[in-house]
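Peer 1: pasted the sequence and its predicted model underneath.
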Amino acid sequence: MSDKKDSNQTQDLDNTNNNSSIDISLQKTTRVDAADAGMGSVAAKRRKLLKAALAAPPVLMTLTSRPVHAVQGLSNMMSGDASQCRGDTRYGGMSPGFWKALVGTTDLYGDSAENAWGYTGYFYGTFTGTKPNKWDHYTGGTPYSDVFGGLDNRPLRQVLNEDNGSEAFHLIAGLLNARYFDDKAGGGPTQYFMTTAQFWDMYDDPSKVPPGYGSLRDLVESNYHGTPGTGCP
């Protein structure tokens, strides 16, 4: 099932187990977007958007108008409510530094990075070296093109480590966060500030990004490691 279809149960914020090893054939790979590899019209749309983004000249965005959310769910961000603490019950997710190497633990649930990858349904890679915390001591892994389309067949792990600070670097982290928190919610409300379905909605239609943020990448990047109560009086 694709990302969109596997999160298509609702667009509402409040709708949204444990792999002991990233290399134990990832029993959860059945949740990996098999349809994304074949992609159809959804993938074609993503590829078209990706190509357009790559062809466009770089744009310098001003961040001076960015609101301070602490951390509101996406629906509260979209409401434009002046109170930054209204709906402040969410987490901002882990930064790319967490996802790029198998070190550290998740902010809320305390899962190791290795197990967190398992919850996302994507495959970090097969360990073939001597240092588990080194990304290049792994082979394989879910290709970037299988998830976002395009021609970049490097594993997500490799893109995270080689394209530091790029748009892909932050979008991968945002998607991994969304899928991780959705899975941990077990069908209940996600504790991340957006669902996987909402991520793809904004990816395909940038006009759905909340006011004050220049892009989906900006939204994801601005909220890393945010916790309920951050910035509230």
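Peer 2: Good, I have the coordinates. Residues are numbered from 1 along each chain as shown.
Peer 1: low-confidence regions, this structure specifically.
Peer 2: Within the chain, the stretches with pLDDT under 70 are 1-87, 230-233.
Peer 1: longest helix in it, by number of residues?
Peer 2: Ranked by number of residues, the top helix in the chain under DSSP state H is helix 167-185.
Peer 1: got the buried residues for that one?
Peer 2: 167-185 (16 or more other CB atoms under 10 Å). (C-beta placed from N, C-alpha, C; glycine too.)
Peer 1: what segments of the protein are helices?
Peer 2: Under DSSP H, the chain gives helices at 3-6, 34-38, 40-55, 74-79, 96-100, 113-120, 144-148, 156-162, 167-185, 196-204, 216-222.
Peer 1: and the longest helix of the chain with helix 113-120, angle?
Peer 2: 80 degrees (axes from the mean of the first three to the mean of the last three CA atoms, to 10 degrees).
Peer 1: quick one: helix 167-185 to helix 196-204, angle?
Peer 2: 160 degrees.
Peer 1: CA atoms only: put helix 167-185 into PDB for me.
Peer 2: Written as PDB, here are the backbone C-alpha positions of helix 167-185 (Å, rounded to 0.1, in the frame of the first residue of the first chain):
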ATOM      1  CA  GLU A 167      15.600  19.600   0.800                       C
ATOM      2  CA  ALA A 168      15.600  15.900   0.500                       C
ATOM      3  CA  PHE A 169      17.600  15.700   3.800                       C
ATOM      4  CA  HIS A 170      14.700  17.400   5.700                       C
ATOM      5  CA  LEU A 171      11.800  15.800   3.800                       C
ATOM      6  CA  ILE A 172      13.100  12.300   4.500                       C
ATOM      7  CA  ALA A 173      13.300  13.100   8.200                       C
ATOM      8  CA  GLY A 174       9.700  14.600   8.100                       C
ATOM      9  CA  LEU A 175       8.300  11.500   6.400                       C
ATOM     10  CA  LEU A 176      10.100   9.100   8.700                       C
ATOM     11  CA  ASN A 177       8.800  11.000  11.700                       C
ATOM     12  CA  ALA A 178       5.300  11.000  10.400                       C
ATOM     13  CA  ARG A 179       5.300   7.300   9.700                       C
ATOM     14  CA  TYR A 180       7.000   6.400  13.000                       C
ATOM     15  CA  PHE A 181       4.600   8.400  15.100                       C
ATOM     16  CA  ASP A 182       1.600   7.100  13.100                       C
ATOM     17  CA  ASP A 183       2.700   3.500  13.700                       C
ATOM     18  CA  LYS A 184       3.300   4.100  17.400                       C
ATOM     19  CA  ALA A 185      -0.200   5.600  17.800                       C
END
